[in-house]
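# coords please:
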Amino acid sequence: MSDWVQAGLRPPLEKYSGYLASRGVDSNSKVRFHSWSPVSSGCSRFDSMYGDTGYKIKDHLVIPITSPRGAIIGLELRQVLPNGEKRVSQYRTLSAQWNPYFLGSPEAFSSLHEGGDLWITEGVFDKIALDRVVPTGDAVVCTLRAGMDQLSIDMIHRYYKRSSTLYICYDNDETGVKKSKWLKYEFEKRGMKSAIWKYRGKDPGEVFKEGGDQLLRRLF
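Predicted structure coming up:
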């Protein structure tokens, strides 16, 4: 299923280079951005969402979401408008229903297997920000919204070691605060140690925009 998705991925358009750099993306970033090159999908749902071959998303930023073993199970698609506004959508393959669904699965489960800590964020650029400053051996995931499904929680529990701590770093808005408390409850109900990380600012990505790595290291 992911072969045609892989065939449609191309390097990101040059027009996005400044935008990505301003959000902390560099050659060391663990998140890979792409642009879409129209390709026959063989998936009627994809074609109905984005047009035959995906021509509607030709100029979008594309971020592959992978399974713990690295297979592509979905895409996050972003259109950044000239006024700075963004439009975000998601496409999930059929395999997504049988896998934990968040950005950063491979490194997350590798870290947990080795007893490292896991940092949980909402947005793509929140993950990129924290990836810059968390200790070596820890991992950062992005749930692409506030909250996490039961399959993902159960998979984390399967790999969890007693030496690990799950740090919840959701946005400081009403939804983020509410979902942080819910996720902490779900983790601790399964006997996993977790903490809601207290920091100043809207979200980790905005902290980076405000003060770069120096402020990130102070707050995280």
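
# and residue 73, which of the three is it?
Counting by DSSP: H, G, I helix; E, B strand; the rest coil, the backbone at residue 73 sits in strand.

# Now for it, how many residues are close by?
Neighbours of residue 73 under the rule other C-beta atoms under 10 Å: 24. Where you see a C-beta, it was placed from the backbone N, CA and C, and this is true even at glycine.

# so what's it up against?
2, 65, 66, 67, 92, 93, 95, 96, 99, 101 (C-beta atoms under 8 Å, 6 or more residues apart in numbering).

# Now do residue 206: how many residues are near it, please.
Residue 206, neighbours per other C-beta under 10 Å, totals 17.

# want to throw the contacts of residue 73 into CSV with pLDDT, secondary structure and neighbour count?
As requested, these are exported to CSV (pLDDT from 0 to 100; DSSP: H, G, I helix; E, B strand; the rest coil; neighbours: other C-beta atoms under 10 Å):
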residue, pLDDT, secondary structure, neighbour count
2, 69, helix, 16
65, 96, strand, 22
66, 95, strand, 18
67, 94, coil, 20
92, 93, strand, 15
93, 91, coil, 21
95, 91, helix, 14
96, 92, helix, 18
99, 95, coil, 21
101, 95, coil, 21
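
# of those, closest to residue 30?
Lowest distance from residue 30 to the contacts of residue 73 (C-beta to C-beta) belongs to residue 66, with 11.4 Å.

# The closest one contacts residue 93, doesn't it?
No - under the criterion of C-beta atoms under 8 Å, residue 66 is not in contact with residue 93, lying 10.7 Å apart.

# list the residues that contact both of these two?
72, 73.

# what sits against the residue nearest to residue 30 when sequence neighbours are not counted?
Spatial nearest neighbour of residue 30, excluding adjacent residues (C-beta to C-beta, 6 or more residues apart in numbering): residue 131 at 5.2 Å. Residues near residue 131 by C-beta under 8 Å, 6+ apart: 29, 30, 31, 140.

# could you measure the third one against residue 131, distance?
To residue 131, residue 31 is 8 Å away according to C-beta to C-beta, to the nearest Å.

# What does the closest residue to residue 53 other than its chain neighbours show for phi and psi?
Spatial nearest neighbour of residue 53, excluding adjacent residues (C-beta to C-beta, 6+ apart): residue 38 at 3.7 Å. Here the main-chain torsion angles of residue 38 (degrees, to the nearest 10) amount to phi -50, psi 130.

# Verify the contact between residue 38 and residue 50 for me.
No - applying C-beta under 8 Å, one finds residue 38 not in contact with residue 50, separated by 9.3 Å.

# got the buried residues for stretch 43-54?
Neighbour counts over stretch 43-54 (16 or more other C-beta atoms under 10 Å) mark 43, 46, 47, 50, 53, 54 as buried.

# How about the contacts made by the third one?
When the contact criterion is C-beta under 8 Å, 6+ apart, the partners of residue 47 are 41, 53, 54.

# Now the last one: phi and psi?
Phi and psi for residue 54, reported as degrees, to the nearest 10, are phi 80, psi 30.
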